[in-house]
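S.K.: sequence first, predicted coordinates after that:
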Amino acid sequence: MVHVLVHHKVADYSHWKEAFDSHLSTRKRAGEIGSHLFHNLDDPHEIYVLSDWQTVEEARKFMSSSELAETMKKAGVQGLPDVRFLEDVYAVHRTSAD
């Protein structure tokens, strides 16, 4: 599995989140299989999106699309996003039995 970590600032989180949610079907058609949203506790306008993809090719194609760039612009993303393509190398899920 491949992950994409996107970091950017937004003018208004509620407006951005509405655009993010309305873009779900597009992301799914492009190959996204899941995502997590985070914001910086010290600056809620600083957003992180960690999305899961089957292939890096699908992820790269989507992240470089003009449709995504236009959606981000309309959503109030400030400046250029920092995008990182990641792959799993190790994961641990703790339980109360650990």
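M.R.: Perfect, I can see it now.
S.K.: please, which helix or strand holds residue 83?
M.R.: With secondary structure defined by DSSP states H and E, residue 83 is part of strand 77-87.
S.K.: who are the packing partners of that strand?
M.R.: Applying 3 or more CB pairs under 8 Å, 6 or more residues apart in numbering; DSSP states H and E, we find strand 77-87 packed against strand 2-10, helix 56-63. C-beta: built from backbone N, CA, C; applies to glycine.
S.K.: next secondary structure after the last one?
M.R.: Right, the one you point to is helix 56-63. Trace forward from helix 56-63 with DSSP H and E and the next one is helix 66-75.
S.K.: ditto for the first one
M.R.: Downstream of strand 2-10, the next assigned helix or strand under DSSP H and E is helix 13-22.
S.K.: give me the next element, helix or strand, following that next one.
M.R.: Next along the chain after helix 13-22, taking DSSP H and E as the criterion, comes helix 24-30.
S.K.: now that following helix: how far from the chain's centre is it?
M.R.: Counting by CA atoms, centre = their mean, to the nearest Å, helix 24-30 is centred 12 Å from the centre of its parent chain.
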